[in-house]
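Q: the sequence and its predicted three-dimensional model are supplied below.
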Amino acid sequence: MAVDNVSMNIDRGCIHGLIGPNGAGKSTLFNAMSGLVPIKQGSICFEGVDVTHLPVHLRAPRGIRRTFQHVQLMEDRTVLENVLVGMHSSISTNPFKSVFGLGAEGSPDKAAREAAREVLQFLGIGHIALTEMGGLTIAEHRFAELARALVAKPRLLLLDEPAAGLSLRSTEALDTLLVRIRDEWGATIVLVEHRIDLVLNVSDVVTVLDNGSIIASGRGQDVIEDPGVKRAYLGVDEEE
Amino acid sequence: MRISAFFETRWFPALFLLFLLVIPLTTNNYFQFVINLVLCYVLIGFGQQLILGYAGQFSFANAAFMGIGAYTTSIIFTLNVPILIALMAGGLLAALVACLVGLPALRLSRVYLALATIAFGEMTTWVLTHWNSVTKGGDGMYSPVPVFFGYSLDTDTERYFLIAIVCFVMVMIAQRMLASKFGRAFIAIRENEMVASCNGINIPLYKTIAFALSGFYAGVGGGLYAIAVNYIVPDNYDLFQLVIHFALVMVGGLGSMYGVIVGALVLTTLPEVLREFQHYQEMTYGVLLILFIVFIPRGLAGFLKDRRILPREILVHGWKEEIPHVREAAKTAAVFNVGAGAEDRGEEH
């Protein structure tokens, strides 16, 4: 069993760091929250609604979005086209509106493009909006994926190792952006990340998983000083 | 001026329209017949491109959908139904059947789906051959001379205008649709179903829509084909027809709607150019397909795009994004210049 007896409360409007050694169950927990992995027991509630058995594609319209440990983008498409995929639930399925732009409010696709451009500008990659993904840097891939998740203005943003492969400079940019996403966009963020410094910098709460169970949870600095966390995660014994 | 820049000017669509109007003035009956076939195969190719190139579903039943469209249009038109309604009926029946064929696609993938759809195609050919009371069996049936708003379309040139109008309207609709959320959903499903669903895309629904649209285009294309050739037999919709559909997409370029137009032009005119070697037609297609897969795997669209002869936007989906402030954004420099770090070009990609 990858995750067992885990109970987590994620406060609205906070950044919740989730750390633990490899194989601790972070990704499984993440996949369960986003609906990719069914859970055998227990429940997942989002904004007071039980979403345990809600299909993955119905969680997105409720405001749950995620990124992936290994960036998942359409490589032969432009950054803008990739980001527009994130707007899928926000555009009418009525073909007369979404395809032909007929309707009082005009073309919803046009509004989606505007929203996508805004997010790209916000993330600082507006200048590569029309560039195909293939050939862009890892950082640009990471930020484009973040833009796709962010464009629909999610209320819960699940970020799976967003700093993996980034340079120090880009990680610092990400650090600032995560705080701005929380403060300016009002999004709640769950952050799985191996870079402890980033997690400690931005997280309001940090939860530590080991062997599928929570071993500590609280303020970042308190958690990191916990002897159990040092032993399990950092490999440091208190007596040393 | 670069060649690609010409295609981006407002003169290009106008000249292209003029070209379409001028065609009948410059052709003889035979050449006009070939042009009519090219237009039919543009729609038929779109059907295959939608399901294979865009939605990424290994469906090879479009020859059958084309046959269903051709026979339905011909049969309904004999009941004195207006030709446009008969064409729509052919397309809609093909779309309905495509939906039913697509149901296994929700569970089957790749080679299993390919086998299931090929089997369906063979079954359809069998039904068309043996349902004598409706299809006139293996001898085939004449497709009646179409009447368009009271005007009998007796010659190939007269039929050209009907075929060109229907083709033009359907190409425009496909262009809009593929640039909309539907087109993006198809591509997202093709690339990664898990990611698509995480972005709110209902996979079973959009796969079914892709099958229906693919069947509709193949069905209407089949109906126009029946009008163009005037005589249809079940053998028109056998495995060789399937190879033609596959070749249209592969030669034109997988995932490029305008590549299909180029593919239809090449593959429909090629047999006419090589008319002296008609007995080797199937072999010619086979060799051409192999050569393209080996040497130009991204098809003519990819070839033209790589050499910047045609702009990417036109080749990929016929949609050109207007984003005037991109240059400005580049000048003012990104707030976070994420691409600057050398370390970002790591090993992960």
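A: Nice, I can see it.
Q: let me see the ranges of the helices in chain A.
A: A:26-34, A:56-59, A:79-85, A:95-98, A:108-123, A:138-150, A:168-185, A:196-202, A:220-225, A:227-229 (DSSP state H).
Q: out of those helices, which gets the lowest mean score?
A: For the helices of chain A, the weakest mean pLDDT is recorded on helix A:95-98, namely a mean of 69.
Q: re the thing from before, out of the helices of chain A, which gets nearest to residue B:123?
A: helix A:95-98 (31.2 Å; Cβ to Cβ). No exception for glycine: its C-beta is placed from N, CA and C like everyone else's.
Q: now do the residue lying closest to residue B:66 once chain neighbours are set aside, the pLDDT please.
A: Setting aside the residues directly before and after it, residue B:66 is nearest to residue B:222 in space (Cβ to Cβ, 6 or more residues apart in numbering or on different chains), at 3.6 Å. According to the prediction, residue B:222 has pLDDT 95.
Q: in the host helix or strand of residue B:222, what counts as buried?
A: In this assignment (DSSP states H and E), residue B:222 forms part of helix B:203-229. Buried positions in helix B:203-229, judged by neighbour count with 16 or more other Cβ atoms under 10 Å in any protein chain shown: B:203, B:206-229.
Q: report the contact partners of the residue nearest to residue B:66.
A: B:44, B:65, B:66, B:67, B:68, B:69, B:70, B:71, B:73, B:90, B:94, B:237 (Cβ atoms under 8 Å, 6 or more residues apart in numbering or on different chains).
Q: taking these, tell me the two that lie furthest apart.
A: Among those, B:44 and B:71 lie farthest apart (Cβ to Cβ), at 14.8 Å.
Q: re the thing from before, quick check, nearest of the contacts of residue B:222 to residue B:298?
A: residue B:44 (21.2 Å).
Q: nearest residue to the closest one in space, please, no chain neighbours.
A: Nearest non-adjacent residue to residue B:44, counting by Cβ to Cβ, 6+ apart: residue B:221, 3.6 Å away.
Q: wait, the one you found sits on residue B:48?
A: No. Taking contacts as Cβ atoms under 8 Å, residue B:221 lies outside contact range of residue B:48: 9.7 Å.
Q: any regions of the stretch 151-300 of chain B where pLDDT drops low?
A: Residue ranges of the stretch 151-300 of chain B with pLDDT under 70: B:278.
Q: what's the nearest residue in it when you look at chain A?
A: Nearest to chain A in the stretch 151-300 of chain B, going by Cβ to the nearest Cβ, is residue B:200, at a distance of 3.3 Å.
Q: and the residue nearest to residue A:195 when sequence neighbours are not counted, how close does it get to chain B?
A: The shortest distance from residue A:195 to any non-neighbouring residue, by Cβ to Cβ, 6+ apart, is to residue A:163 (5.0 Å). Remark: distance between residue A:163 and chain B (Cβ to the nearest Cβ, to the nearest Å) = 11 Å.
Q: residue B:254 versus residue A:163, what's the distance?
A: According to Cβ to Cβ, to the nearest Å, residue A:163 and residue B:254 sit 35 Å apart.
Q: list the residues that contact residue A:148.
A: A:67, A:73, A:82, A:83, A:85, A:86, B:199.
Q: the fifth one reaches residue B:196, doesn't it?
A: If I follow you right, that is residue A:85. Yes. Shown here, residue A:85 and residue B:196 form a contact pair, counting by Cβ under 8 Å, at 7.5 Å.
Q: coming back round to it: how about the helices of chain A, which one is nearest residue B:299?
A: Closest among the helices of chain A, using Cβ to Cβ: helix A:79-85, at 19.6 Å.
Q: who's in contact with the closest one?
A: Under Cβ under 8 Å, 6+ apart, the answer for helix A:79-85 is A:73-74, A:112-113, A:116-117, A:119-120, A:125, A:128-131, A:133, A:136, A:140, A:144-145, A:147-148, A:151, B:181, B:184-185, B:188, B:196, B:199, B:201, B:321, B:323.
Q: one more time with 7 Å, if that's ok
A: Identification of contacts with helix A:79-85 by Cβ atoms under 7 Å, 6 or more residues apart in numbering or on different chains yields A:73-74, A:112-113, A:116, A:119-120, A:125, A:128-131, A:133, A:144, A:147-148, A:151, B:184, B:188, B:199, B:321.
Q: from the chain's centre, how far out does it sit?
A: 17 Å (Cα atoms, centre = their mean, to the nearest Å).
Q: what of stretch B:112-126?
A: Distance of stretch B:112-126 from the chain centroid (Cα atoms, centre = their mean) equals 19 Å.
Q: residue contacts, residue A:218?
A: residue A:205.
Q: what are the bridge partners for it, then?
A: On the basis of DSSP bridges, residue A:218 is bridged to residue A:206.
Q: look up how far residue A:191 lies from it.
A: Per Cβ to Cβ, residue A:218 is found 15 Å from residue A:191.
Q: the residue nearest to residue B:116 when sequence neighbours are not counted: neighbour count?
A: Distances taken as Cβ to Cβ, 6+ apart put residue B:104 closest to residue B:116, at 5.4 Å, once the chain neighbours are dropped. Residues lying near residue B:104 (other Cβ atoms under 10 Å in any protein chain shown) number 14.
Q: that'll do, ta.
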